[in-house]
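Asker: no sequence on this one, just coordinates:
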């Protein structure tokens with residue numbers, strides 16, 4: 001039986017489950033982040049994204065049956081495809097029928113996930129998950145989650161996750177957009193993607209560079225920047241260097257298993 005590290009009372013903790021951009025890398029699954037907070041009665045656990053390979057590594061840090069809610073930033077495979085495995089885990093677990101848990105995502109999430117596992121549209125995965133669309137901020141235990149629509153080829157969202165007066169901002173996948181400054185404003189930790197190098201000619205409305213991440217962190221007045229979603233074909237240190245030149249605060253690369261008290 002795995003012993004999971006306890007979360008100190010009235011704190012919020014981020015665990016990087018997967019941080020590889022666009023597809024799994026040799027040292028990390030694709031995007032997945034475990035956010036936990038303890039309110040004195042119990043620990044609440046959210047999962048932000050569930051990309052390729054994430055469910056296997058997630059089990060190092062939490063029993064997947066104890067996840068309270070899932071938030072999918074968008075429906076590209078590197079952010080959602082392991083929901084198909086999570087469906088199997090919850091549907092056929094030998095301990096018996098599991099309660100539905102809420103899943104927030106863009107329009108079409110339930111249909112897309114059912115199709116990914118070759119299920120009929122109805123019921124699809126609706127007997128295991130209770131699907132919700134992004135809109136107004138939502139509350140799960142001590143958390144408030146505020147979605148922000150960002151700039152990507154498909155409907156995509158970044159998020160502000162707050163608890164006990166602390167805020168984690170997550171960019172999701174996005175090109176430059178003024179929304180990001182609002183999303184990250186005064187965040188205690190800004191988890192920001194950097195998939196492109198500033199030295200390259202990059203397509204618009206797709207991803208950020210390390211320099212973009214650093215500039216956004218400066219403009220938003222964040223207290224700490226963690227650069228994530230670097231594709232395996234790039235040297236992540238390049239993104240870190242770009243970000244550090246544009247932002248004077250604490251800056252580091254996300255790595256699988258890294259833990260942050262927000």
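Answerer: Structure received. What you are looking at is a predicted structure, and each value in this text was computed from that prediction instead of being measured. Numbering: from 1, shown residues only.
Asker: for the nearest residue to residue 18 once chain neighbours are set aside, what are its contacts?
Answerer: Leaving aside its chain neighbours, residue 18 sits nearest to residue 29 (3.4 Å; criterion: Cβ to Cβ, 6 or more residues apart in numbering). For every residue, glycine as well, the C-beta is placed using N, CA and C. When contacts are counted by Cβ atoms under 8 Å, 6 or more residues apart in numbering, residue 29 touches 17-18, 20, 51-54, 56-57, 82, 256.
Asker: residues near residue 212, how many?
Answerer: Counted with other Cβ atoms under 10 Å, residues neighbouring residue 212 total 25.
Asker: OK, contacts around the closest residue to it other than its chain neighbours?
Answerer: The shortest distance from residue 212 to any residue that is not its chain neighbour, by Cβ to Cβ, 6+ apart, is 5.8 Å, and that residue is residue 176. By Cβ under 8 Å, 6+ apart, the contact set of residue 176 is 151, 208, 212.
Asker: so how far is residue 223 from residue 176?
Answerer: In this structure, residue 176 lies at 22 Å from residue 223, with Cβ to Cβ, to the nearest Å as the measure.
Asker: residue 145 too?
Answerer: From residue 145 over to residue 223 the distance is 20 Å, taken as Cβ to Cβ.
Asker: now for the host helix or strand of residue 45, which elements pack on it?
Answerer: Under the criterion of DSSP states H and E, residue 45 resides in strand 43-48. Applying 3 or more Cβ pairs under 8 Å, 6 or more residues apart in numbering; DSSP states H and E, one finds that strand 43-48 makes contact with strand 32-38, strand 69-71, strand 143-149, strand 157-163.
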